[in-house]
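> Curious how this folds, go ahead:
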Amino acid sequence: MNEKHITLCNKLLYYLVAPGLLLYFISIDSGIITSSFGVLAIFGLAILLGVGIPMIYKKKNPEYKFNISSKYANAMAILVILELTYNMSK
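Just a heads-up that it's a prediction; the model follows:
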């Protein structure tokens, strides 16, 4: 794999899988859908692949760096904290 594929893998993880998982948990909390082991297994596999592949590439190419927007990272952190706060208050 080359750097372009690893960057795509990271983008999919940060901009598709992470918000999708957060939306899944919010949908469960609001009662729109029910929890499913299959969906959680798919998200788990996507996260393992999304983290594992770049880690292997990074070991072979230590100079590789992937940056995400700090605003995006802060927004996701706030959403996760709000989700956790909601779950703790139930």
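> Which elements pack onto the strand or helix carrying T85?
Using DSSP states H and E, the element containing T85 is helix 70-89. Judged by 3 or more C-beta pairs under 8 Å, 6 or more residues apart in numbering; DSSP states H and E, the packing partners of helix 70-89 are helix 18-29. Backbone N, C-alpha and C define where each C-beta goes, glycine included.
> relative to helix 70-89, how tilted is the helix it packs on?
For helix 18-29 against helix 70-89, the angle by axes from the mean of the first three to the mean of the last three C-alpha atoms, to 10 degrees is 20 degrees.
> Pull out the buried residues from the helix holding T85.
For helix 70-89, the neighbour count (16 or more other C-beta atoms under 10 Å) marks M76 as buried.
> Could you give me the buried positions within stretch 1-11?
6, 9-10.
> Nearest residue to the middle of this structure?
A18 (2.5 Å; C-alpha atoms, centre = their mean).
> pretty sure it is touching A75, no?
No. Look at A18 against A75 with C-beta atoms under 8 Å: they stay out of range, at 11.1 Å.
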